[in-house]
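Participant: okay, sequence plus prediction incoming.
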Amino acid sequence: QQPVQSPQAVILREGEDAVINCSSSKALYSVHWYRQKHGEAPVFLMILLKGGEQKGHEKISASFNEKKQQSSLYLTASQLSYSGTYFCGTEGVGAQKLVFGQGTRLTINP
Amino acid sequence: NAGVTQTPKFQVLKTGQSMTLQCAQDMNHNSMYWYRQDPGMGLRLIYYSASEGTTDKGEVPNGYNVSRLNKREFSLRLESAAPSQTSVYFCASSVGQKNIQYFGAGTRLSVL
């Protein structure tokens, strides 16, 4: 079953913060986050494994609450280059495949 | 390294025609995947191959067939194209327990 992302779209000014949420109804082994620029392929950002860890680098980080089967992606002090559509991909235990959410379109204006 | 290469980049078909989308990876990855992307639907898995010699259905397999020709190549075939198969098709590959996916540039297919 497809994870649910919220919000569906966000418009920010450069320098503002954003949070994108991903929620699954199934027990998860991992959550992936990918970013896709218009007309391009999705690109891997980060992976979070069971254990509630928070990962990230610089101004993009993410958390994973395995009890609630939820993950959040945090973008702080957003830059123009952060614009694109963000997808979470969830993997169940032993699944060997990802199920992607419907995407969140992020627009950063100057 | 080229990574994941898909051919063709664009294709227009008439209803009922057949075609094969090609995908090759040079990263020595074990697993390969075919997704379709439609507006507002995200990426939906059509078929995947966890290792050479195996293939499994994903969420939306109807109307498609796949062949894992060898470790490098994974093709997707549309036997009788329908307008509902108009979409952008992405091939991806991954290796290891973390299953991080590396995507090709995509094939934009229109079925008239």
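Facilitator: In hand now; what should we look at? Numbering: from 1, shown residues only, chains lettered A, B, ... in the order given.
Participant: which stretches of chain B form strands?
Facilitator: B:4-7, B:10-13, B:19-25, B:31-38, B:42-49, B:56-57, B:64-68, B:74-78, B:87-94, B:102-103, B:107-111 (DSSP state E).
Participant: turn the ones you listed into a markdown table, including distance to A:G15, mean pLDDT and mean neighbour count.
Facilitator: All C-beta spots, glycine's among them, are computed from the backbone N, C-alpha and C. Converted to a markdown table, the strands of chain B look like this (distance: least, CB to CB, whole Å; pLDDT from 0 to 100; neighbours: other CB atoms under 10 Å in any protein chain shown):
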| stretch | distance to A:G15 | mean pLDDT | mean neighbour count |
| --- | --- | --- | --- |
| strand B:4-7 | 35 | 97 | 18 |
| strand B:10-13 | 38 | 97 | 14 |
| strand B:19-25 | 39 | 97 | 19 |
| strand B:31-38 | 31 | 97 | 23 |
| strand B:42-49 | 28 | 96 | 22 |
| strand B:56-57 | 45 | 96 | 13 |
| strand B:64-68 | 45 | 97 | 18 |
| strand B:74-78 | 43 | 98 | 20 |
| strand B:87-94 | 32 | 97 | 23 |
| strand B:102-103 | 30 | 97 | 20 |
| strand B:107-111 | 35 | 97 | 18 |
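Participant: any figure for the gap between the nearest residue to A:A18 once chain neighbours are set aside and B:A24?
Facilitator: Of all residues not flanking A:A18 in the chain, A:L75 sits nearest, at 4.6 Å (CB to CB, 6 or more residues apart in numbering or on different chains). With distances taken as CB to CB, to the nearest Å, A:L75 is found 34 Å from B:A24.
Participant: could you do A:Q69 as well?
Facilitator: Distance from A:Q69 to B:A24, by CB to CB: 35 Å.
Participant: alright, calling it a day.
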